[in-house]
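> Everything below, folded, please.
(one chain, ligands or ions: 1)
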Amino acid sequence: MAGFPIPVSVLTGFLGAGKTTLLNRLLRDPVLADTAVIINEFGEVAIDHLLVEQASDGIIQLSDGCLCCTVRGELVDTLADLVDRLQTGRIARLARVVIETTGLADPVPVLQSIMAHPALVQAFRLDGVITLVDAVNGNATLDNHVEAVKQVAVADRIVLTKIDLANDPREVEALRARLRQINSGAEVLDAGDRSTGVAALFDCGLYNPATKSADVQRWLGEEAHHDHHHGDHDHDEHDHRHDSRVRSYSLVHDGPVPFSAIEMFLDLLRSAHGERLLRMKGVIELREDPSRPLVIHGVQKILHPPVQLPSWPDGQRGTRLVLITLDMPEDYVRRLFAAFTNKPSIDTPDRAALEDNPLAIAGR
Ligand SMILES: Nc1nc2c(ncn2[C@@H]2O[C@H](COP(=O)(O)OP(=O)(O)OP(=O)(O)O)[C@@H](O)[C@H]2O)c(=O)[nH]1
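Numbering: from 1, shown residues only. Below you'll find the predicted structure:
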């Protein structure tokens, strides 16, 4: 059906980080007409809801005058309901969905619920995760809550809010450095900047409707261009104890890889460490069809149905995977990848050995 899959953006950030404030501002942009806003609200009064409504001119109405849905039950039901309304003509157009998660939420299950649902995965595509971090409380929040670190780790865009309230610019810079350390692939933007608008925050997906092309480099983030990780934490481990649990790194292989090898690599990774794999995205040069890159992305054990692009958009072939992990032994992943791409090092079992007995190399 025309118009599908509908891009979904997930707006997350800790309690009071400024999600609703930013959303209200964004919704004034006419580009966001025909956007449905889903608010994952567990508080008493839906103040967010009212605020969103006030700023809502031009946005579609979902039911009796309400433009946003407040989710208390299942997010998947709300999304399925939106599709149903669209298909039965009760909504004329639905160009985009924005899900504002509750502040305490781990965003990974939200992403999973879209990807794991056979019908929803056809109707929606994940555009990106926008994570807000409060410049005043951000450091303490990251210290105290691993969920906050996860929110930063899985982000495609990070927005620093309340910089105007911060007393010490050096602390803001330290926070900025910390965010880059946790997630070097995501752009870090300032909420107060005029440029931090719709264009900067949406369309993080692989396919960019503005340029009508796929931008692999932008989608994967700069991390993909360095075959090394950024997990060398020179911070005090006591202060930043959660940060070091989260790693983002890229795996790069020049030259084509057989589909079976990639499939087996991903299967092993997901079965051995699925819950530790927060997010994964990548492009693969297939031996069977090297001119058409295979695009994969996944959340934990769930892999979005892979798609093939008609050609290599930026001319740069090869296999590039970006992994964001929690408590996953990076060494294991690198060895596994090397084994399947036939680059065994001296102390790494080769692919045949892995296929014979995959559990024998379970990590360390
Ligand atoms: N000075 C300043 N205040 C801000 C900024 N962003 C948000 N605020 C204020 O911070 C408070 C919380 O903002 P909200 O937008 O409600 O935050 P939220 O993340 O939606 O909050 P929850 O839904 O409770 O998690 C409000 O009083 C906002 O006016 C900012 O950049 N600067």
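> what are the ranges of the helices in the stretch 101-250 of the chain?
107-115, 120-123, 138-144, 146-153, 169-182, 198-201, 216-220 (DSSP state H, counting those that start in this stretch).
> shaky segments in the stretch 201-350 of the chain?
Where the stretch 201-350 of the chain drops to pLDDT under 70, the residues are 207-215, 218, 221-239, 314, 343-350.
> show me the contacts for residue 265.
The contact partners of residue 265, by C-beta atoms under 8 Å, 6 or more residues apart in numbering, come to 336, 337, 340. Quick note: C-beta positions are derived from backbone N, CA and C, even for glycine.
> Show me which of those residues is closest to residue 20.
residue 337 (41.0 Å; C-beta to C-beta).
> Which secondary structure element is home to that closest one?
helix 330-340 (DSSP states H and E).
> Adding distance to the ligand and neighbour count as columns, could you present the contacts of residue 265 in CSV?
Shown next, in CSV, are the contacts of residue 265 (distance: C-beta to the nearest ligand atom, whole Å; neighbours: other C-beta atoms under 10 Å):
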residue, distance to the ligand, neighbour count
336, 39, 25
337, 38, 21
340, 42, 25
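> Make TSV from the residues you listed and add distance to residue 282 to it.
Converted to TSV, the contacts of residue 265 look like this (distance: C-beta to C-beta, whole Å):
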residue	distance to residue 282
336	14
337	11
340	13
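> just to revisit the earlier point, send the alpha carbons of the helix holding residue 337 over as PDB?
Taking C-alpha atoms only, helix 330-340 is exported to PDB below (Å, rounded to 0.1, in the frame of the first residue of the first chain):
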ATOM      1  CA  GLU A 330      34.000  -7.500  22.400                       C
ATOM      2  CA  ASP A 331      36.900  -9.800  21.800                       C
ATOM      3  CA  TYR A 332      34.400 -12.700  21.300                       C
ATOM      4  CA  VAL A 333      32.500 -10.700  18.700                       C
ATOM      5  CA  ARG A 334      35.600  -9.700  16.800                       C
ATOM      6  CA  ARG A 335      37.000 -13.200  16.800                       C
ATOM      7  CA  LEU A 336      33.600 -14.600  15.600                       C
ATOM      8  CA  PHE A 337      33.400 -12.000  12.900                       C
ATOM      9  CA  ALA A 338      37.000 -12.700  11.800                       C
ATOM     10  CA  ALA A 339      36.300 -16.400  11.700                       C
ATOM     11  CA  PHE A 340      33.300 -16.000   9.500                       C
END
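> What is it packed up against?
The contact analysis (3 or more C-beta pairs under 8 Å, 6 or more residues apart in numbering; DSSP states H and E) places helix 330-340 against strand 246-253, helix 259-273, strand 319-326, helix 351-356.
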